[in-house]
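>>> Any chance you can model this:
(chains A and B)
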Amino acid sequence: MEEGERPRSRARWVARTDRRRAPKQGLGASGLTTLKTTSTTDRHDQPVAPTLTGAIQRPVDRAPDAAAPAIRLTDVSYAYRTSGGSRPAVTGITLTVKPGEFIALVGANGSGKSTLLRLVDGLLSPDTGSVELDDQVVAGPDPRVGLVFQEPRLLPWRSVLDNVAFPLELAGWARLPREVRAREMLDLAGLHGVDDARPHELSGGMRQRASLARALAPAPAVLLLDEPFSALDALTRERLNVQLQQIWTATGTTVVLVTHDVAEAVFLADRVAVLTGRPGRLSGEVPIQLSRPRVLDRLDAAAVSSAASGIRELLAGDAERSR
Amino acid sequence: MTVRRVLREIAPIVVGAAFFVLAWKAVVVIGDWKPFVLPAPETVAARFVRAWTEGTMTPHAATTLTEIALGFVAGAGSAVIVGYALARSHLAERVFSPYIVAAQSTPVLALAPLFVLWFGSGLLSKVIMCAIIVFFPVAVATMVGIRQVSGDLLEMGRAFRASRRQLLLGIEIPGALPSIFGGLRVGVTLAVIGAVIAEWSGADRGLGLLVILAQGSLFDIPLEFAALATIALLGVALYLVVVVLERRLVGDRG
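Numbering: from 1, shown residues only, chains lettered A, B, ... in the order given. Next up is the predicted model:
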């Protein structure tokens, strides 16, 4: 029992019964169309947000007022059990994310950002409050969610292709279709010609691309990114962020990005939520009004700096309080 | 290029062996040892070849190999299961580890006569002896290996909805495999010792028995050396089998 979180992940068994709700993957279809159709569940679609460039085509919502958020956190608190009691990580978090939205969670180390992602993924169950995906309470790791960790977490004894196919293998896909799918995802993530390589033969950036491809393989409606590029050099990170935007546009998934890099959050997100304190709580949100697709050297400088200073103010308020 | 590689791989082995044989011969010549105390290498080699061609050696070697193979598989197989339980269950560790350590600390040499008493002088007592001697290093290696499997990888597996069985077969066992093979390497050489010791306490066939016969009633010291050489070669061959298996299963992980 290394970490206090272990015992409560038994919720996986509950999630099993949800399997029939897992999106059906059309094997013949290309990766992109597959992702598009699965990212939108039958009833809860929202029209494309006006800030987007219209690259995502969604069926027009039949009842716009009844549209459910892709993610809804209601008064969520979580504390890690430790030998000496409990260590609260997040408290009183209420947050909704619209389908297809790109939201960034920004906060200092220890503000519970990663915990929040694990609560959304169902790896952890909240002590109080509830986590819902498409109006359904999350009760364990959910097939509609893909998670990219801070580290690549690839299996060192498997080839890159087999690593990307791993979630599909777990879900019982046959070899051929899962390899086809894994190749499509490697393409989408911009990894070419390394199918048979072992993870240790790749650069850090390539490994993280493979990890991204793996998370995308089961066509998740929600993609959770836990500081995915923070261990990479600045140039690689920039390039991957641009590509992440393209992937998001192409797949139409809802994205939650955890980061401590304000510039990265502003560049990528529709909305930035700021998490402060210990235990972490939401201290505010900043909408990012920049047109898409965003190009690094053609951003509206005024909008960027006002958004960034808004975020920094929220972060700084925390620093003052804790002094 | 490949020829050069083969030379680089093989040459040291050949040179080492030549050096060993020459040193042996030198000791015999300088010490003026009689052949019934320390036979010269060529005497042993000739006896070795004759024992095999005449068919003296074959049934004994086959018997010992069978004992080792069965005992090793049984011992290593149960050790992997128990090692996993020790790694993952605090209760299992509390309950079983004292007995496992105590059993390991008891000299097997002392147990061998008991096994013959209980299980007869046939195959079974040898297989059990081999299994017991193989058990400890493999169980400990498995326990350590399973504990070292990265929690990050397990969390990744859970995030992708792996079942317990999938976590075990897809992440834990492959992750622990390098360590398990470390235990198997030690275990396979111990299995050879186990078989020989067990045969000393009573057997109708086997290389261990042949060693005793050659020294005692037959008084054929070169044959004793030939039997010892066969035992050693068997150990080396089995060790190589484990190493080859390890290369194939563990592969290149960087």
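
>>> and residue B:210, what does it touch?
B:56, B:57, B:60, B:223, B:224, B:227 (CB atoms under 8 Å, 6 or more residues apart in numbering or on different chains). Every C-beta, even on glycine, is put in place using the N, C-alpha and C of the backbone.

>>> what are the phi and psi angles of the second one?
Think residue B:57. Per-residue torsions, residue B:57: phi -80, psi -40 (degrees, to the nearest 10).

>>> just the one 3 residues further on next, same as before
Note on residue B:60: backbone dihedrals following degrees, to the nearest 10 are phi -70, psi -50.

>>> Residue A:93 belongs to a strand?
Yes - Residue A:93 forms part of a strand when assessed by DSSP: H, G, I helix; E, B strand; the rest coil.

>>> wouldn't it be in contact with residue A:116 here?
Yes - using CB atoms under 8 Å, residue A:93 is in contact with residue A:116, at 6.5 Å.

>>> Which one of these two is surrounded by more residues?
residue A:116 (30 against 25; other CB atoms under 10 Å in any protein chain shown).

>>> returning to what we had before: between residue A:93 and residue A:116, what contacts are shared?
Shared contacts of residue A:93 and residue A:116 (CB under 8 Å, 6+ apart): A:73, A:76, A:280.

>>> among those residues, who's most crowded?
Neighbour max across the shared contacts of residue A:93 and residue A:116 (other CB under 10 Å) = residue A:280, 26 neighbours.

>>> where's the closest residue in space to that one that isn't next to it in sequence relative to residue A:163, distance?
In this structure, residue A:280 finds its nearest non-sequential neighbour in residue A:112, 3.2 Å apart by CB to CB, 6 or more residues apart in numbering or on different chains. Separation of residue A:112 from residue A:163 (CB to CB, to the nearest Å) stands at 29 Å.

>>> And for residue A:230?
21 Å.

>>> what does residue B:182 give?
For residue B:182 relative to residue A:163 (CB to CB), the value is 25 Å.

>>> Let me see the ranges of the helices in the stretch 151-254 of chain B.
Applying DSSP state H, counting those that start in this stretch to the stretch 151-254 of chain B gives helices spanning B:151-159, B:164-167, B:173-200, B:207-215, B:221-250.

>>> let me fix that: the stretch 101-250 of chain A
Taking DSSP H, counting those that start in this stretch as the criterion, the stretch 101-250 of chain A carries its helices at A:113-121, A:160-170, A:175-188, A:204-216, A:234-251.

>>> near chain B, which residues of chain A show up?
A:2-3, A:9, A:12, A:15, A:121, A:123, A:140-143, A:147, A:149, A:151, A:153, A:155-157, A:166-167, A:169-171, A:198-201, A:214, A:218 (CB under 8 Å from any CB of the partner chain).

>>> Among those residues, name the ones in strands.
residue A:147 (DSSP state E).

>>> Any of the residues of chain A next to chain B buried? List them.
A:9, A:12, A:15, A:121, A:123, A:140-143, A:147, A:149, A:151, A:153, A:155-157, A:166-167, A:169-171, A:198-199, A:214, A:218 (16 or more other CB atoms under 10 Å in any protein chain shown).
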